[in-house]
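Q: sharing a sequence plus its predicted fold:
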Amino acid sequence: MSSLLEMRQVSKVYGEEPFEVHALRAVDLSVRAGELVAIMGPSGSGQSTLLTIAGSLEESSSGEVVVDGSVFSSMSRNDRARMRRRTIGYVFQDFNLLAGLNAVENVALPLELDGVGIKSAHAAGLEALGKLDAAELADRFPDELSGGERQRVAIARAIVGDRRLLLADEPTGALDSINGEAVMRLLRAACKNGVAGVVVTHDAQLASWADRVVFLRDGHVVDQTAPPPGPESLLEPSRSPRP
Amino acid sequence: MASERPPGERSANGGVPARRAIARWAWRLFRREWRQQVLVLALLTFAIAAVIFGATAAYNMIPSNNADFGTADVRVQLTVSDPATLRHDIATLTKMFGTVDVIERANVPLPGSVDTVEVRDQNPHGRYGAAMVALRAGRYPDRSGEVAVTDHVADLFRASLGHAVDLGGVRRTVVGIVENPADLNDEFALVSTPPARISTVTVLAHTSAGTRHGDAGRQCDICRSVGGGRFEYRGATERTAGAALVLGMSTVALLLVGLVATAGFVAVAQRRTRQLGMLAAIGATARHLRLVMLINGAVVGVVSAAIGAGVALVAWLGSAAWLETPAGHRIERFDVPWWLIAAGMLLAVATATAAAWWPARTTARVPITDALSARPPIAKSTRRPAAVAALFALVGFVCLATGVDTKQDHANLPLLLAGVVAIVLAVLLIGPLAIRTLAAAGSRLPIAARLALRDLSRYRARSASALAAIGVGLGIAVAIIVIATGAEHAAAEGNLSNRQLVVRAGARFAPTPPAAADVAARRNDVDRITRALDPKTVLRLDVAASSATEQLDDGTVVRPPAELVRPIDAHTVRGQGPLYVATPELLAYAGVKSSEIVPNADVLTAQRGTLYVGAGKVFAGTAPGKSARPAPRVTASIRVAHIETSGYSSVPRSFITREAMRRLGLTQVTMGWLVETTKPLTNAQLAAARDVAAHAGLTIEARDTQRGLGTTRTVATLAGMLLALAILAMTVGLIRSESGRDLRTLTATGATSNTRRMITAVTAGALALLGVLLGALAAYLALVAGYLSDLDPLKHVPLSHLTVMLIGLPLLAAAAGWVVSGREPSAVARTALD
């Protein structure tokens, strides 16, 4: 199966000499469709930077990022924005829902920004919410939702439409363990449908939902578990029994 | 996934659906956060109300042609040669136009005054002239012994309904109070029979009414052939042009408002940075992000325009009646220029949208990850804007220098506006450097002051636009103050003070030489005049006059008065006022010290430069100070001593010694008496004095109506300071509200209310100080450019008013900031929930 996300020798340097900080150093990462990869490491290791670069929220200092066959460095800002609307879904730790829009409008927003009519976009939004058993939240505004509900809406926004790559930056960081498990289950389910997923987490228990775990330290990939032989995570059946 | 168009065919920016989604979100945000924008809303609303009210007032206050034409479109002024010719001319015009209105006028002297009253014979119900007369009380005159007068004429005669007045030797009973509704300053006495000595005749007609000739142009040619007639067409009204001019000037004022609004929108944009980052993270383009702020600006503009227009209309309907006196004509309050109101409202929306553009552009450029962390944009270098500011200042200077000629009293409007806008932009662009410089200068101040200055410097985007608004507001005030100061000195503060009057023995500028016995008799008359005035000083005014007499056109014999004249060029001279005989009493009254009197001096005067004494030609009835005439032949030299004297033009300011008079062959003539009272003279006292003077054959000169230029300066100072304080209140409120997190941190680290007070006080004081300095600099730059052809009016620096602004405003702003701040943040550890 071909890689949906391909990061080759990606480095990121913040600031200028002598105060420069190397957030990533020649990182290689490849994620296939249907695969869920967890990124772990101590704080400041560069996990979030890796995710923001993979999601085209910022540019790498060197190296190459390819998503679904498109090379970021050769794309304009507008093209990258379109990529975020159509291909990449991003889930944040603190949800990042827009306060003025209700749940279904938040979910449908990437589609509307992409030119989809309001009715079609809302129908797709409701469908995405329905997949996450959150259709009843459709008319509620973010400040009327609990943390777990907000994150479900955020995930629905990340998978709405024909998204191929799902990036989640500590999606369970602001949630309790039960909600955290539920979120990981949703991400896992999304990947089962052919989406490539990358999750940054500090929680080994949650990382065990992934097909593969990549360890970062000081911007380097220092270790990673072997790629799974099949579509199921090697951790899934033996180490993490689920209800 | 359902969608109308496949992804490949959709617009890169999402087209209409994307814009609609952005607009919906922006509107929802405005509804949620409108309270945080209430300052900007209030400011824009006030500005729009002022613009619409001002434009409506200007439209209605500009006089129409009705004052002179009534409803006619043709006016013919006939020269009165002899009655037969006049009758013939009127008959010709009647034949030419059909119905005509004939107005006959005569000027008769007001008893005891140099002023005259116009007696007007006009049909108040005439077809065209009816719009020029309106009855306010009583009735119109309908027989020869009756008259209706305007209120001012009634005051002059101290007459009311039923009283008799003497008009050119004819006694008439006042039966009505009338006015020209199109010109309330048109003072006349309306009679129903032709006055005795008609001076002019006006014929009003209409080209389309009963015309016997094809077109107006031909009528015009024919009309010129009417004996001595001056044919005038009714011109296009200037009301629309005047209102459009006000709208144009308002655009400049709205530029100022736009600067404050920009500061407000910068704060709004920074508050929304994180949400805009979220939007970008899910695929919004830079255009989408800009659209959010632009729509917010437009919504603020629409709301402000709607409320402002409503407020302006209510204010106009309520105040229209009060504006009739300053306008000088009656105002129809429902005659509102709707197109101007629509233009003003559009201007409001455009201003607000334009004000949101810069913050929108800046915010859209923030990297997504920075935006998601709510990190504000990094402040840019101040050097480049400062260089551009210098360029704008130069452009503004050149535009004003070439577009305005104060000497010729001429201004090129496009260049004037371009110059003003360029200087405003220069003030805007120099702001960041000024703030940064002040912050650097305050690096050794206590922590609270240092923090306040550093915050101003860190958030230059909003503090610079606030500073520009304060600077421009104060710059306008400074310009008014300086112009008023220059005008006050140029006008020499009028002819007399309000406690002085001059009783003249003869006509104003052609003293009849009274016999010595007459002088004593007239002194008795002067005593009768001053009896009711509580005089402090009564001085005889003796002037130097030619020894030879001359005869005026009306047969009067006068001695031409000697006057000080200044050469204008090789062929003309300009009079500088009469030469008074240097008696000890007059010199003492004029405040001339004996030490100032140079021995052997011929003339003592405050005038400088080349001067002559002339006394050879009479210009009866013409103010000598305003006439230029052929240069005289110089026959002798004079020695001039410079003295300091009063600025009043009719008080003796130039003196000639008796020795010089003897040498130049001049003689002494008593031209009148100067009376100074202990208290300002009332209108009743002046009227009584005129009555006595009229009976004695004397005339009285009192203070001309003067505009209170001193009052203008003080009002401009106060208005400028109030405007600056209002802008400061808004901008400091905005800046400090955005620093709430810092305040919470400070409080958590043990800062007392004094620290918080100091931060706000220094923020307000620093902005005020920089605003005054920039405003004064910008004002002087513009004024120097405008007055480049004659810098004299700028030599008088209004130090007291500028000092009040320079020191008073920063202190006042700091004090206000200190008083209103200091409240502990309600939740020290809590941050706003997104």
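A: Yep, that arrived.
Q: remind me which helix or strand the nearest residue to B:Gln122 once chain neighbours are set aside belongs to.
A: In space, and not counting its chain neighbours, B:Gln122 is closest to B:Ile103: 4.5 Å by C-beta to C-beta, 6 or more residues apart in numbering or on different chains. (Glycine included, C-beta is placed from N, CA and C.) Assigned by DSSP states H and E, B:Ile103 falls within strand B:101-109.
Q: roughly how far is that strand from the heart of the chain?
A: What separates the centre of strand B:101-109 from the centre of its chain is 34 Å, taken as C-alpha atoms, centre = their mean, to the nearest Å.
Q: helices and strands around it, which ones?
A: strand B:116-121, strand B:200-205 (3 or more C-beta pairs under 8 Å, 6 or more residues apart in numbering or on different chains; DSSP states H and E).
Q: please enumerate the helices of the stretch 701-834 of chain B.
A: Assigned by DSSP state H, counting those that start in this stretch, the stretch 701-834 of chain B shows helices spanning B:709-738, B:740-748, B:753-786, B:799-803, B:809-820.
Q: give me the pLDDT value at B:Val762.
A: B:Val762 carries a pLDDT value of 91.
Q: look at the residue nearest to it when sequence neighbours are not counted and give its secondary structure.
A: Distance criterion C-beta to C-beta, 6+ apart; nearest residue to B:Val762, sequence neighbours excluded, is B:Ala452 at 3.9 Å. Following DSSP: H, G, I helix; E, B strand; the rest coil, the label given to B:Ala452 is helix.
Q: can you give me every residue that contacts B:Ala452?
A: Listed by C-beta atoms under 8 Å, 6 or more residues apart in numbering or on different chains, the contact set of B:Ala452 reads B:Met758, B:Ile759, B:Thr760, B:Val762, B:Thr763, B:Ala766.
Q: closest to A:Val37 among those residues?
A: B:Ile759 (48.9 Å; C-beta to C-beta).
Q: chain center to stretch B:600-610: distance?
A: 36 Å.
Q: how about low-confidence regions in chain A?
A: A:1, A:226-243 (pLDDT under 70).
Q: how about the strands in it?
A: A:3-14, A:21-32, A:36-40, A:62-67, A:70-71, A:88-91, A:165-169, A:196-200, A:212-217, A:220-224 (DSSP state E).
Q: ok, back up a step: number of residues surrounding the residue nearest to B:Gln122?
A: Residues contacting B:Ile103 under the criterion other C-beta atoms under 10 Å in any protein chain shown number 22.
Q: isn't it up against B:Arg120?
A: Yes - between B:Ile103 and B:Arg120 there is a contact under C-beta atoms under 8 Å: 6.3 Å.
Q: sorry, back to before: look up the pLDDT of the residue nearest to B:Val762 for me, please.
A: 85.
Q: so how far is chain A from it?
A: To chain A, B:Ala452 is 28 Å away according to C-beta to the nearest C-beta, to the nearest Å.
Q: now do B:Leu770
A: Plainly put, B:Leu770 is 32 Å away from chain A if you go by C-beta to the nearest C-beta.
Q: then B:Val503?
A: For B:Val503 relative to chain A (C-beta to the nearest C-beta), the value is 80 Å.
Q: the nearest residue to B:Met132 once chain neighbours are set aside - how many residues pack around it?
A: Among residues not flanking B:Met132 along the chain, B:Gly70 sits closest, at 4.6 Å (C-beta to C-beta, 6+ apart). Using other C-beta under 10 Å, B:Gly70 has 26 other residues around it.
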